[in-house]
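J.: no FASTA, just this:
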């Protein structure tokens, strides 16, 4: 019912009398909203991908320091038991990285599904533009 009211408001504001004009306008509005959503999703995918790269770099540095304690001693004063801290830190950042990588995969799947939805909506707009 809410969508019907929105369609009627669109028709009234555009001074359209034809049902096909109302439907075309509604589908065009849906396409515009979907394009905005896709833009947001693409930006979020870039953000998450950058986070995965950053976490990979942190993990590589921690693994390097863990395997080469002399380098780690140049960076920080090591105490006994710090090798355990390195191992725990590596596991912690790997868990975060794996979570972010899975989130990125899911976002990319969602993005592809949203792109297919946009394509369908654009096809409907094209049909009503022909009428």
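T.: Nice, I can see it. Treat the numbers as computed from the prediction; the structure is a model and nothing was measured.

J.: burial count for residue 99?
T.: 12 (other C-beta atoms under 10 Å). Using the backbone N, CA and C atoms, a C-beta is placed for each residue, glycine as well.

J.: quick one: contacts for it?
T.: Not one residue lies near residue 99 by C-beta atoms under 8 Å, 6 or more residues apart in numbering.

J.: now it: how far from residue 28?
T.: 38 Å (C-beta to C-beta, to the nearest Å).

J.: cool, and residue 113?
T.: Taken as C-beta to C-beta, the span from residue 113 to residue 28 is 21 Å.

J.: And the two? Which one has more around it.
T.: When residue 113 and residue 28 are compared for neighbours, residue 28 comes out ahead with 17 against 10, by other C-beta under 10 Å.

J.: The more buried one reaches residue 125, doesn't it?
T.: Yes - the pair residue 28 and residue 125 qualifies as a contact (C-beta atoms under 8 Å) at a distance of 5.5 Å.

J.: Quick check, residue 93 in contact with residue 61.
T.: No - using C-beta under 8 Å, residue 93 is not in contact with residue 61; the gap is 9.7 Å.

J.: ok, how many other residues are close to residue 48?
T.: 19.

J.: and residue 127, what element?
T.: Per DSSP states H and E: residue 127 is located in helix 82-130.

J.: Repeat that for residue 53.
T.: helix 19-67.

J.: Relative to the whole chain's centre, how far out is that helix?
T.: Distance of helix 19-67 from its chain centroid, counting by C-alpha atoms, centre = their mean, to the nearest Å, is 3 Å.

J.: Let's test this: mean pLDDT of that helix, rounded?
T.: In this model, helix 19-67 has a mean pLDDT of 86.

J.: Tell me the helices and strands packed up against it.
T.: helix 2-14, helix 69-75, helix 82-130 (3 or more C-beta pairs under 8 Å, 6 or more residues apart in numbering; DSSP states H and E).

J.: Between those helices, which has the poorest mean confidence score?
T.: Minimum mean pLDDT among those: helix 69-75, a mean of 61.

J.: Nearest residue to residue 30 in space, please, no chain neighbours.
T.: Once flanking residues are discounted, residue 30 sits nearest to residue 121: 5.1 Å by C-beta to C-beta, 6 or more residues apart in numbering.
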